[in-house]
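Visitor: sequence and predicted structure, then a few things I'm wondering about:
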Amino acid sequence: MFDFIIVGCGFAGSVLAERLASQIDKKVLIIDQRNHVGGNTHDYYDEAGILVHKYGPHIFHTNSKQVFTYLSKFTDWRPYEHRVLASVDGQLVPIPINLNTINKLYGLDLSSDELSSFLNKNAENISPVLTSEDVVLNSVGRELYEKFFKGYTKKQWDLDPSELDASVTARVPTRLNKDDRYFTDTFQAMPLRGYTHLFNKMLSHPNIYTMLNTDYKDIQHFIPHKKVIYTGPIDCYFDYRFGKLPYRSINFKFETIDQEDFQPTGTVNYPLTNLYTRSTEFKKLTGQKHPKTTVVYEYPADEGDPYYPVPRKENQLLYNKYKALAESVPDVYFTGRLGTYKYYNMDQVVAQSLTLFKRLQEIDTLMPAN
Ligand code: FAD
Ligand code: UDP
């Protein structure tokens with residue numbers, strides 16, 4: 001008899017497995033339909049011997065000391081600050097848009113104050129800011145919106161930015177200084193030996209049994225257990241009772257090139273050209289030394305694994321129906337990016353699972369021992 005079956009070996013499920021097993025001595029079965037642990041962060045050495053991320057580039061960043069300290073139990077880190085260039089008008093310029101971006105793009109030599117006036121002159125005064133289009137027009141105006149955001153967003157989501165919640169493009173700020181880092185979080189680092197190594201350590205507790213290549217639907221009635229933690233798509237759990245929640249997928253095309261170095265930064269974005277959104281050279285992220293290099297190109301798609309919840313009001317309303325239903329099911333807990341239909345980064349998923357663990361721990365102390 002397992003105390004918990006946990007569905008999904010990504011961060012959401014694995015953090016809970018580790019906490020339940022190590023802190024309150026629960027016997028946990030964690031399963032995944034895939035043939036590996038790590039969920040969408042899974043990494044492996046490709047044929048050339050280069051460490052790559054199977055489901056696209058994963059860069060760890062967080063402002064939460066709690067999350068960083070917790071994950072540090074399972075990995076050492078390689079300090080890494082991600083930088084991205086966007087290919088616009090035949091030039092590679094930094095994104096997020098900052099002082100260097102504008103000066104390079106237009107051949108100017110503006111100061112921060114002058115950039116502020118430049119942007120104010122172009123920005124459209126939109127109030128209230130509701131959509132992803134509003135966010136960008138409001139901060140940089142239409143020309144830069146069209147160069148950097150409109151096309152990329154259309155490719156990534158197959159939606160116009162005006163059809164997406166403000167939160168999507170708000171992920172990418174505008175800066176008046178020369179800070180060209182993609183993220184500004186306090187902690188920015190890559191797991192020194194990769195994500196899979198981190199997960200193997202996290203799941204190595206003797207109370208944890210890991211079962212891969214296993215769909216929850218195939219085993220739920222056969223393996224005795226008390227509670228379930230479900231980190232797969234919530235609509236799938238309920239057999240799409242209220243209809244399908246939209247997810248955006250991606251086809252990843254990997255290419256190993258017989259040269260040591262391929263592009264100037266970890267990622268290059270292509271807002272105006274190509275069918276892919278971005279190219280990422282893994283060695284730039286991991287620091288691996290190798291005479292060859294592997295790059296991944298991301299081609300967004302409708303069909304395929306559910307990678308991105310699509311932040312729009314109507315989808316949130318549909319999710320709310322599933323959420324209400326989920327709350328009525330005893331002893332089943334939903335968490336993670338798919339389980340709660342939230343466009344979460346890795347650190348947010350870890351924080352969410354640590355919070356759910358606290359709740360489960362409280363419930364456990366209230367229950368008589370059995
Ligand atoms: P997942 O990792 O998706 O894990 C869920 C697991 O559940 C999956 O392995 C799935 O196979 C399994 N599962 C589902 N249904 C079933 C079932 N019925 N039976 C058995 N198993 C099932 N975040 C960052 O912080 N930084 C980044 O740079 C970053 N880059 C990203 C790039 C891409 C292309 C994508 C798609 C995401 C990126 N993220 C990034 C987000 C990050 O991947 C997620 O926040 C995180 O992996 C979510 O973890 P999770 O455990 O909730 O979900
Ligand atoms: N975005 C854009 N141009 C860019 C980078 C991002 O239009 O050069 C928009 C796009 O809508 C994207 C969103 O901002 O989906 C969030 O970007 P982020 O890099 O955070 O996406 P993720 O890494 O989650 O795919």
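Guide: Cool, the structure landed. Ligands and ions are numbered 1, 2, ... in the order given.

Visitor: now Asp305, what's its secondary structure?
Guide: coil (DSSP: H, G, I helix; E, B strand; the rest coil).

Visitor: checking my notes, Lys253 in a strand, right?
Guide: Yes: per three-state DSSP, Lys253 lies within a strand segment.

Visitor: quick one: residues contacting the nearest residue to it once chain neighbours are set aside.
Guide: If the residues on either side of it in the chain are set aside, Lys253 comes closest to Tyr297, at 4.5 Å by CB to CB, 6 or more residues apart in numbering. All C-beta spots, glycine's among them, are computed from the backbone N, C-alpha and C. Residues near Tyr297 by CB atoms under 8 Å, 6 or more residues apart in numbering: Phe252, Lys253, Glu255, Tyr276, Arg278, Ser279.

Visitor: looking at the last one now. What's its pLDDT?
Guide: I take that to be Ser279. You'll see Ser279 listed with a pLDDT of 98.

Visitor: quick check, it in a helix?
Guide: No: counting by three-state DSSP, Ser279 is located in no helix; its state is strand.

Visitor: rewinding a little: mind checking which helix or strand the residue nearest to Lys253 is in?
Guide: strand 293-301 (DSSP states H and E).

Visitor: after that strand, which helix or strand is next? Please name it.
Guide: Next along from strand 293-301, by DSSP H and E: strand 308-309.

Visitor: quick one: strands adjacent to that next one?
Guide: With DSSP bridges as the test, strand 308-309 is paired with strand 247-257 (antiparallel).

Visitor: okay, the angle between the partner strand and strand 293-301?
Guide: Angle of strand 247-257 versus strand 293-301, following axes from the mean of the first three to the mean of the last three CA atoms, to 10 degrees, is 150 degrees.

Visitor: what comes up buried for strand 247-257?
Guide: Buried residues in strand 247-257, counted by 16 or more other CB atoms under 10 Å: Tyr247, Arg248, Ile250, Phe252.

Visitor: in contact with Tyr237, which residues?
Guide: Tyr230, Ala326, Phe334.

Visitor: for those, could you give me a markdown table that also reports neighbour count, distance to ligand 2 and secondary structure?
Guide: Output for the contacts of Tyr237, formatted as a markdown table (neighbours: other CB atoms under 10 Å; distance: CB to the nearest ligand atom, whole Å; DSSP: H, G, I helix; E, B strand; the rest coil):
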| residue | neighbour count | distance to ligand 2 | secondary structure |
| --- | --- | --- | --- |
| Tyr230 | 24 | 23 | strand |
| Ala326 | 18 | 25 | helix |
| Phe334 | 24 | 21 | strand |
